[in-house]
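Engineer: Give me a model of this one.
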Amino acid sequence: MPDINLPHNNWLPRKHQFAIWNYLQNGGLRAMAVWHRRAGKDEICLHHAATSMFKRTGNYWHCLPEYNQARKAIWTAVNPHTGIRRIDEAFPLALRDNTNDHEMFLRMKMGSTWQLIGSDRYDATVGAGVAGITYSEWALANPSAWAYHRPMVEENNGWAAFITTPRGRNHAKAMFDHAARTPSWFCERLTALDTGTLTATQLQEALAEYQALYGDDVGNAQFQQEYMCDWHAAILGAFYALEMATVRNEGRVTDIEAIPDEPVHRAWDLGVGDDTSIWFFQPHGAQIFILDHYASSGVGLEHYAGKIEQLYDTHGWKHGDDYVPHDAKIKEWGSGRTRVETMQSMGLHPMLVPHHSLDDGINAVRRTLPLCVFHPRTETGGLDALEQYRREWDDEKKAFRANAVHDWTSHPADSFRYLSMAWRKAPPRKVKEPPNPYFTGWVIPPPPENRQGMVL
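Structural biologist: Next up is the predicted model:
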C-alpha cells in the first residue's frame, strides 16, 4: 500500500476500499466503482482528492447530479462513526487558507482548490482547468457533464472517478461496460454481500423498510438496486419502465439506417437559458426509426441549425420537418420575433405540436415506444433519459407526486413527448357538401335527344 501523504489525520481505507485506493494513488486516471449504499464511495474519493492536492497543486471538483444536492450530501454531511463533518475529516481546517460556504469552495495553503459542483450546471465551469474530478451518483447525473469536462481533464492529464449505485441500464451501465473491457480503467462492482460492511440483520431490516414504504415488489426492486447493485431492477417511479424494458428485451436498440430519399424529421424541446433537446426520427411503415439525439445548453438556435446541417451532410439524410412546442410562436423579448420565425430564417421547417396535457403526452409516449427502433447513438443522453424520467417522491405522504422530477432527463423526455404527439400526421379533413334543403327524392331526367344529338 502506498503512503497516505496526509500528516493531519489517521484515516485509513476500509478493506474493500483498498483496490480503488491503490489504483488511484498509484497514478490511475479513470475509475468506475459501482458500490452498494453505505459502502463509502464518497469517503474514498474525498480522501483521494485531499492527497492529490498535496501531490499536485491544482483544482479539484466533486460533482453531484444536482448542485442543490451537494450541500446536504457532502458539504454539511457528518460521519456517523466520528461525529465530524466529512469535509473537515478530508480537508482539515488547519490546512485551509480559505473556506467559502456560499460557493462550497475550499482553498488550501499549498495553493490547491476543491469545490462542489452539479452536473445540472456543468456549463458554469467553462474555462476552468481541473486536475481531478469525482462524479458522485453518476447514474443520476447528466452524462453531458463528462463530455463537457473531459477535454479539460485530458488537457491537464487529470483523473476522473465515477462512483454510483445502479439506476437501470443507462449511461452508467454503458460506462461500466466500457471500463470493464478497457485495461487502463479501474472497474469494480461490489454488493453488500461482497463488502461485508452490513450484517445479515441490517440487510433484512433494509429490505423490510423498503417493502413497508413501497410494497413488496417495488420495495424488493429498490433493495436489489441499492444493496445488490442490480442493473435490471426497476427505477422507482419511472414513467416508462415497462416500455423501455421491452425495448431492451426485444433488441430494438440496434444499428439502423435511414431509408434513402425519405425525410428524417426532428422533434424539439426548446429551452430558454436551459437545455435544448432534439430527436431525429423517420417513420417507416408501422415502425419509427429513432436515428439520433442531440442536446446542449447555453447556445442559440444558430448552433443547432449548424449541428443539424452537419449531421445531415454526414449521414446523407433528407431534411424533414421540425416539430416544436406550441409556445414557440410567442415573440421573444429583444428580438421581437418568434422562435418559429427565427427557425424559418435559418432554413428549418417548424411545425407546431398541438397543445396537450402532460398526461396525454405521457400516454402518447407509451403508445409510441412499442413502435420504435433506436440507433445506439441515442444511448447517452437520450435512451437513458427516457429510462430515468420519473415522478417525484413525497417523503411525508409516502407516495409519488403527479409531477415529474425536473432534472437533466426532463428535456429529452419532453422532446420525445412532442415526437409522440406529432409523428403520425392527421389525415386530410374531408369537407362534406351541405345537404340540399329542397331535395325531395324525386329525380328529374334530362331532356331526350334526337339522333343528331339535338334536344327535342
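
Engineer: Now residue 84: closest residue in space that isn't a chain neighbour?
Structural biologist: residue 78 (6.8 Å; C-beta to C-beta, 6 or more residues apart in numbering). Yep, even glycine has a C-beta here, placed from its N, CA and C like the rest.

Engineer: Verify the stated contact: the one you found with residue 89.
Structural biologist: No. At 9.6 Å, residue 78 and residue 89 do not qualify as touching, with contact defined as C-beta atoms under 8 Å.

Engineer: Which of the two has more residues huddled nearby?
Structural biologist: More crowded of residue 78 and residue 89, by other C-beta atoms under 10 Å: residue 89, with 18 against 12.

Engineer: What separation is there between residue 247 and residue 395?
Structural biologist: According to C-beta to C-beta, to the nearest Å, residue 247 and residue 395 sit 31 Å apart.

Engineer: Which one's more surrounded, these two?
Structural biologist: Shown here are residue 247 and residue 395; by other C-beta under 10 Å, residue 247 has more neighbours (21 against 7).

Engineer: Could you confirm the more buried one falls within a helix?
Structural biologist: Yes. Counting by DSSP: H, G, I helix; E, B strand; the rest coil, residue 247 is found in a helix.

Engineer: Look up the pLDDT of it for me, please.
Structural biologist: pLDDT, residue 247: 92.

Engineer: looking at it, it is touching residue 253, isn't it?
Structural biologist: Yes. At 6.6 Å, residue 247 and residue 253 qualify as touching, with contact defined as C-beta under 8 Å.

Engineer: Pull up the overlap in contacts between those two.
Structural biologist: Common neighbours of residue 247 and residue 253 (criterion: C-beta atoms under 8 Å, 6 or more residues apart in numbering): 374, 383.

Engineer: who touches residue 382 in this structure?
Structural biologist: 279, 290, 293, 295, 374, 412.

Engineer: From residue 143, how far off is it?
Structural biologist: 10 Å.

Engineer: Show me where the stretch 51-200 of the chain has its strands.
Structural biologist: Assigned by DSSP state E, counting those that start in this stretch, the stretch 51-200 of the chain shows strands spanning 59-64, 96-100, 105-108, 113-118, 132-136, 159-164, 186-190.

Engineer: Now tabulate these in CSV and tack on mean neighbour count.
Structural biologist: Converted to CSV, the strands of the stretch 51-200 of the chain look like this (neighbours: other C-beta atoms under 10 Å):
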stretch, mean neighbour count
strand 59-64, 24
strand 96-100, 12
strand 105-108, 18
strand 113-118, 21
strand 132-136, 25
strand 159-164, 24
strand 186-190, 18
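
Engineer: Extract the residue ranges of the stretch 301-450 of the chain that are flagged as low pLDDT.
Structural biologist: The model of the stretch 301-450 of the chain has pLDDT under 70 over residues 331-336, 398, 425-450.

Engineer: Hmm, residue 239 is touching residue 362, no?
Structural biologist: Yes. The criterion here is C-beta under 8 Å, and residue 239 meets it with residue 362 at 5.8 Å.

Engineer: Could you point out which of the strands of the stretch 51-200 of the chain sits nearest residue 407?
Structural biologist: Closest to residue 407 of the strands of the stretch 51-200 of the chain is strand 113-118 (C-beta to C-beta; 9.9 Å).

Engineer: how many degrees apart are the closest one and strand 132-136 in direction?
Structural biologist: Strand 113-118 runs at 30 degrees relative to strand 132-136, counting by axes from the mean of the first three to the mean of the last three C-alpha atoms, to 10 degrees.

Engineer: and the gap between the residue nearest to residue 84 and residue 38?
Structural biologist: 14 Å.

Engineer: Provide a list of residues in contact with residue 212.
Structural biologist: residue 219.

Engineer: State the distance from it to residue 57.
Structural biologist: Following C-beta to C-beta, the distance that separates residue 212 from residue 57 is 50 Å.

Engineer: now swap in residue 199 and tell me
Structural biologist: In terms of C-beta to C-beta, residue 199 sits 43 Å off from residue 57.

Engineer: Just want to know which of these two has more residues nearby.
Structural biologist: Set side by side, residue 199 and residue 57 show more neighbours around residue 57, with 13 against 10, by other C-beta under 10 Å.

Engineer: Is residue 266 part of a helix or strand, or is it coil?
Structural biologist: strand.

Engineer: What about it, how many residues nearby?
Structural biologist: Neighbours of residue 266 (other C-beta under 10 Å): 28.

Engineer: For the closest residue in space to it that isn't next to it in sequence, the count of nearby residues, please.
Structural biologist: Nearest residue to residue 266, sequence neighbours excluded (C-beta to C-beta, 6+ apart): residue 322, at 4.9 Å. Burial measure for residue 322: 23 neighbouring residues, criterion other C-beta under 10 Å.

Engineer: for residue 322, what are its contacts?
Structural biologist: By C-beta under 8 Å, 6+ apart, the contact set of residue 322 is 265-266, 268, 343, 348-351.

Engineer: Now the buried members of these.
Structural biologist: 265-266, 268, 343, 348, 350-351 (16 or more other C-beta atoms under 10 Å).

Engineer: Kindly indicate which of the residues you listed lies nearest residue 21.
Structural biologist: Set against residue 21, the nearest of the buried ones among the contacts of residue 322 by C-beta to C-beta is residue 268 (45.3 Å).

Engineer: can you pull up the bridge partners for the closest one?
Structural biologist: Beta-bridge partners recorded for residue 268 (DSSP bridges): residue 278.

Engineer: So it is in contact with residue 276, correct?
Structural biologist: Yes. When contacts are counted by C-beta under 8 Å, residue 268 is listed as touching residue 276 (6.9 Å).

Engineer: Which stretches in the stretch 351-456 of the chain count as helices?
Structural biologist: 358-368, 384-388, 410-422 (DSSP state H, counting those that start in this stretch).

Engineer: Quickly list the domain ranges of the chain.
Structural biologist: Under the assignment automatic domain parsing, the domains of the chain span 15-195, 200-234, 263-422.

Engineer: mind checking the end-to-end distance for the shortest one?
Structural biologist: According to C-alpha to C-alpha, to the nearest Å, domain 200-234 extends 23 Å from its N-terminal end residue to its C-terminal end residue.

Engineer: Would you indicate which residues of that domain are buried?
Structural biologist: Buried residues in domain 200-234, counted by 16+ other C-beta under 10 Å: 203, 206-207, 210-211, 214, 218-231, 233-234.

Engineer: same check, this time on stretch 48-55
Structural biologist: Of the residues in stretch 48-55, 48-53 count as buried by neighbour count, 16+ other C-beta under 10 Å.

Engineer: now it, how far from the chain's geometric center?
Structural biologist: In terms of C-alpha atoms, centre = their mean, to the nearest Å, the centre of stretch 48-55 is found 30 Å from the chain centre.
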